[in-house]
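**Student:** based on what follows, work out the 3D shape:
(one chain, ligands or ions: 2)
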Amino acid sequence: KIVYLQDYKPSDYLIPKTEMWVDFSPERTQITTDLHIERRAGVEAGTPLELDGEQVELVSIAIGDDVLGAGQYELSENGLKLLDPPQSFVLSTVVEVAPEKNKSLEGLYRSSGNWCTQCEAEGFRRITYFIDRPDVMSVFTVKMVADKDLAPVLLSNGNPMDKGEMSNNRHFALWHDPHPKPCYLFAMVAGKLDKISEKFTTKSGKNVDLNIYAEPGKAELCRYAMDALVRSMKWDEERFGCEYDLDVFNIVAVSDFNAGAMENKGLNIFNDKYVLADPATATDQDYALIERIIAHEYFHNYTGNRVTCRDWFQLCLKEGLTVFRDQEFSSDERFRDVERIDDVKGLRQSQFVEDSGPLAHPPRPSQYEQIDNFYTSTVYEKGAEVVRMLMTLLGKQTFHEGVDLYLDRHDGEAATIEQFIKCFEDVSGRDLSQFQKWYTQAGRPRVSYSTSYAAEQKLFTLVLKQEVPPTPGDDEKSPLVLPIRFGLVSNNGEDLTWEHAEGAEVQDDLIVTNEDEVTVTFHGVSSAPVVSLFRGFSAPVTLDTKASLEEDLHRARLDSDPFNRWESLQSAIMNIVAPAMDVDGPELDIELLEPVAVALSQTLDSQNLSPAFKALCLKLPTYQDYTQRLGQNIDPDRIKTVRQKVSEVVADKLRGQLVTLYSTLHLPDDYQPNAEQSGMRDLRNQALSLLATLKEGQLFELVERHYREARNMTDRQAALAIMCANAPDRAVELLDDFKRNYTEAMTVYDKWLGLNASIDDAQTIDRIKRLMDDDRFSLETPNRVYALFGAFTQGNPTQFARADGAGFELIADVILQIDQFNPQVAGRFAVAFRIWKNYESKRREAARAALERIKQSEKISPNLSEMVNKTLGG
Ligand code: ARG
Ligand code: ZN
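**Tutor:** Ligands and ions are numbered 1, 2, ... in the order given. Below you'll find the model as predicted:
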């Protein structure tokens with residue numbers, strides 16, 4: 001069943017108040033709910049009331065004191081209906097649910113013996129009957145009752161009001177959340193948990209108790225998360241003026257969780273891999289992700305919770321804005337330039353791929369079948385880019401006035417993208433109607449440009465063209481508003497000035513255009529510049545870089561914008577290399593790489609660049625970068641061969657420098673996961689990684705020593721990854737050692753799974769099947785699945801996309817198995833096939849066969865069926 005944005009109408013009934021009484025017991029949990037229901041003003045009497053409810057067993061139902069008999073309501077698989085409810089009444093229901101049997105990890109379920117919930121998007125209807133849509137907001141009071149030994153900890157949203165002992169070794173806790181909220185933000189946790197605590201004083205002097213709970217024995221691993229939380233709370237006050245609004249803020253880390261984390265009001269629930277960390281088990285990257293996700297969920301307290309979404313089409317209203325906020329947080333806490341490059345790499349790796357394939361959709365879609373399939377990188381990461389463009393367009397100050405107005409005007413409401421944009425129009429006086437198309441149009445502009453310089457007139461001319469290629473089901477595209485940060489780079493790297501510019505809106509370092517084609521002329525430019533466009537990646541477009549190698553290298557060496565320095569180096573390499581990856585392409589001419597190697601070498605030698613930035617430059621373009629560039633007829637083996645060759649050539653040219661770098665870059669003994677140290681470790685590991693592609697015995701000795709002497713997980717994992725990529729036989733031995741000595745923590749076990757799955761050799765498929773039989777592996781725990789099969793489908797493209805189809809078939813089998821109990825995860829994994837049409841014919845047919853087999857299977861979930869049909873058909 002397809003849901004359309006245009007069909008939105010407000011709910012006929014509202015539920016201003018909800019009281020719940022939840023009795024946990026090992027076999028069943030009983031939920032008694034009083035809904036204070038009111039017919040919305042203007043709605044006719046006699047309008048039926050439909051409540052959502054799935055997989056809940058109704059025990060009794062009453063209006064006030066009148067118990068309803070069978071004829072007084074209609075019960076179905078999806079809910080219950082009251083045909084002629086009064087204008088204002090209390091509906092009491094008693095239902096039972098079976099969390100022990102719930103493997104979908106939606107609604108109420110058990111993880112390692114503890115009860116927890118996940119309601120977004122539509123999980124609350126698996127806990128009790130309710131109007132499960134985000135614009136129905138209610139004040140919740142929850143009384144939780146459980147056995148004291150089974151569940152000493154009882155948590156829900158809001159503030160703790162009361163707790164006490166009961167008979168039969170039972171106890172209770174009463175929670176009240178004064179902020180009206182949609183039911184997707186409801187949460188409960190009951191179980192045996194340890195915690196660490198901290199106090200936070202808000203800027204107006206309010207004291208808040210902070211707690212992070214984890215499974216017994218794991219609380220100490222939450223220290224870094226707590227530190228990140230405190231910094232997030234402070235930052236949100238300073239940068240956005242957002243002050244925390246309850247007496248307590250609780251986080252619970254659980255080991256079975258479909259997504260990364262969830263922003264339930266006052267009770268965030270996390271996938272524990274985004275909470276637990278110490279230097280022995282977590283890498284620098286893990287720390288950075290924890291910091292970010294802690295911040296992300298905390299920031300939702302305003303962008304998402306205080307102002308929520310009118311309907312699920314508006315998902316990017318909260319997610320895009322909140323991702324933007326977490327990106328800004330990381331940039332303020334770490335190195336802004338490096339964060340930006342990393343974020344853009346991530347965007348290209350997932351959102352660009354999504355956008356170029358059968359699943360392309362706008363940040364705000366206008367129809368969906370299963371909303372859970374729309375928690376995509378387009379909604380999240382592209383959504384964040386659109387918010388960033390608003391800031392670029394309006395300037396930081398006006399942008400912040402707009403956000404302030406939005407949070408103020410819509411506080412306590414469920415809002416839309418239009419209302420959000422209106423706030424920025426109101427503070428800036430600018431018409432943003434065309435800008436808004438960024439939210440509603442799928443695909444991304446392809447921008448090309450040409451330049452000329454007339455020395456006598458000191459005239460520089462820039463012609464810009466944009467074109468938005470069609471996406472499935474949408475060929476009519478209109479041009480978008482492009483904020484283009486730019487500079488005219490002189491011979492010596494300084495930005496040239498000009499007297500005046502015409503042809504488009506040009507202000508300082510920003511060009512704004514909204515046309516298919518525009519010619520901008522700059523008067524009074526003293527010498528011929530190399531133009532640097534989309535500095536800082538100021539708009540999510542594909543820039544056709546037909547730029548000459550000299551131009552790219554000029555920017556790579558001299559651009560004052562670090563993003564474009566990095567970008568130009570990458571693009572120089574891709575321009576040389578990509579043609580050789582084409583199935584009918586020429587051989588790689590390695591001579592051409594010489595000047596690029598020189599530029600890289602200069603980058604490494606530079607005194608002004610940070611180790612973190614240099615490390616990014618040493619990461620040569622990825623497999624996905626090339627598949628994006630090639631577009632079609634992709635042969636992963638060929639890409640792999642050419643990439644290997646490129647690394648070898650570059651490594652050979654930089655050999656001396658890399659060896660010196662590796663052996664002389666010294667880190668402090670005291671491990672800190674901060675940006676400085678992370679950058680240094682990254683650079684050192686990148687140097688080793690590039691060297692190892694030379695595949696020399698001596699270098700492998702060095703890698704092995706790096707593994708043995710590693711004093712933190714970052715270096716240890718890096719050594720293993722290098723070995724997996726370059727010497728499968730030696731990697732297999734090291735991985736045995738790693739398993740024996742380090743994998744007690746499940747987070748490390750997952751690294752072991754992923755490393756194994758990344759090995760590309762004749763045993764790959766068998767190895768993965770063996771791993772699936774390992775005692776600690778289970779398809780029921782999403783983290784195991786993401787670790788093993790994520791590394792396989794994303795990190796081992798030559799084996800996943802084998803020409804004989806064995807990789808596709810394996811993943812199809814796994815998806816079908818998981819779909820039997822966890823449709824959300826099955827649906828997510830189907831995206832592994834989204835580029836199937838871009839393969840060369842043999843692989844294309846093999847992928848199609850695997851997809852068809854999933855499609856033809858009996859009893860597949862609506863989630864999976866939507867994904868597979870779109871992937872095949874789009
Ligand atoms: N709102 C959560 C977050 O960003 C993610 C919830 C995911 N839910 C889902 N059904 N996929 O922060
Ligand atoms: Zn979010």
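
**Student:** residue 217: neighbouring residues, count only.
**Tutor:** Counted by other C-beta atoms under 10 Å, the residues lying close to residue 217 total 8. Placement of C-beta: from N, CA and C, glycine included.

**Student:** where in the chain is pLDDT low?
**Tutor:** Low-confidence segments of the chain, defined by pLDDT under 70: 874.

**Student:** next to ligand 2, which bits of it? Give me the list.
**Tutor:** Those residues of the chain that sit near ligand 2, judged by C-beta under 5 Å from the ion, are 319, 322.

**Student:** quick one: name the residues of this protein near ligand 1.
**Tutor:** Residues of the chain lying close to ligand 1 (C-beta under 6 Å from any ligand atom) are 120-121, 259, 261-263, 296-297, 319, 372, 375, 824.

**Student:** now neighbour count and secondary structure too, for the residues you listed, in JSON lines please.
**Tutor:** Converted to JSON lines, the residues of the chain next to ligand 1 look like this (neighbours: other C-beta atoms under 10 Å; DSSP: H, G, I helix; E, B strand; the rest coil):
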{"residue": "120", "neighbour count": "24", "secondary structure": "coil"}
{"residue": "121", "neighbour count": "20", "secondary structure": "coil"}
{"residue": "259", "neighbour count": "18", "secondary structure": "coil"}
{"residue": "261", "neighbour count": "23", "secondary structure": "strand"}
{"residue": "262", "neighbour count": "24", "secondary structure": "strand"}
{"residue": "263", "neighbour count": "23", "secondary structure": "coil"}
{"residue": "296", "neighbour count": "26", "secondary structure": "helix"}
{"residue": "297", "neighbour count": "24", "secondary structure": "helix"}
{"residue": "319", "neighbour count": "24", "secondary structure": "helix"}
{"residue": "372", "neighbour count": "23", "secondary structure": "helix"}
{"residue": "375", "neighbour count": "18", "secondary structure": "coil"}
{"residue": "824", "neighbour count": "25", "secondary structure": "helix"}
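
**Student:** list the contacts of the residue nearest to residue 247 when sequence neighbours are not counted.
**Tutor:** Leaving aside its sequence neighbours, residue 247 sits nearest to residue 159 (C-beta to C-beta, 6 or more residues apart in numbering; 4.8 Å). Contact analysis of residue 159 by C-beta atoms under 8 Å, 6 or more residues apart in numbering lists 175-178, 246-248, 266.

**Student:** one more: residue 93?
**Tutor:** Counted by C-beta under 8 Å, 6+ apart, residue 93 has contacts 32-33, 35, 58, 60-62, 128-129.

**Student:** now with 10 Å, please.
**Tutor:** By C-beta atoms under 10 Å, 6 or more residues apart in numbering, the residues touching residue 93 are 31-35, 51, 53, 56, 58-62, 68, 80, 128-130.

**Student:** that one bridge partners, please.
**Tutor:** residue 33, residue 61 (DSSP bridges).

**Student:** what does residue 543 give?
**Tutor:** Counting by DSSP bridges, the residues bridging with residue 543 are residue 447.

**Student:** was I right to think residue 322 contacts residue 295?
**Tutor:** Yes: judged on C-beta atoms under 10 Å, residue 322 makes contact with residue 295 at a distance of 9.1 Å.

**Student:** so what's the residue count around the residue in the stretch 501-650 of the chain that ligand 1 sits nearest to?
**Tutor:** Closest to ligand 1 within the stretch 501-650 of the chain is residue 540: 19.6 Å, counting by C-beta to the nearest ligand atom. Neighbour count for residue 540, taken as other C-beta under 10 Å: 24.

**Student:** just the element for the closest residue to it other than its chain neighbours, please.
**Tutor:** Of all residues not flanking residue 540 in the chain, residue 385 sits nearest, at 4.3 Å (C-beta to C-beta, 6+ apart). Counting by DSSP states H and E, the element that carries residue 385 is helix 383-394.

**Student:** the residue of the stretch 501-650 of the chain closest to ligand 1 in helix, strand or coil?
**Tutor:** Here residue 540 is recorded as coil under DSSP: H, G, I helix; E, B strand; the rest coil.

**Student:** what's the answer for residue 161, then?
**Tutor:** When classified by three-state DSSP, residue 161 comes out as strand.

**Student:** where does the residue nearest to it when sequence neighbours are not counted land in three-state SS?
**Tutor:** Leaving out its chain neighbours, the residue that sits closest to residue 161 by C-beta to C-beta, 6+ apart is residue 174, at 4.5 Å. When classified by three-state DSSP, residue 174 comes out as strand.

**Student:** residue 174 against residue 22, yeah?
**Tutor:** No: using C-beta under 10 Å, residue 174 makes no contact with residue 22, being 11.0 Å away.

**Student:** what are the boundaries of the strands in the stretch 201-350 of the chain?
**Tutor:** Assigned by DSSP state E, counting those that start in this stretch, the stretch 201-350 of the chain shows strands spanning 207-214, 248-254, 261-262, 267-271, 308-309.

**Student:** and for the stretch 501-650 of the chain?
**Tutor:** Here the stretch 501-650 of the chain has its strands, by DSSP E, counting those that start in this stretch, at 505-507, 510-513, 517-523, 530-533, 542-543.

**Student:** next one: the stretch 1-150 of the chain
**Tutor:** With strands called from DSSP E, counting those that start in this stretch, the stretch 1-150 of the chain shows them at 3-4, 13-24, 29-39, 49-52, 57-63, 66-67, 74-76, 79-82, 88-97, 107-111, 114-118, 137-147.

**Student:** got the contact list for the nearest residue to residue 682 once chain neighbours are set aside?
**Tutor:** The shortest distance from residue 682 to any non-neighbouring residue, by C-beta to C-beta, 6+ apart, is to residue 615 (3.9 Å). Listed by C-beta under 10 Å, 6+ apart, the contact partners of residue 615 are 338, 604, 678-687, 689.
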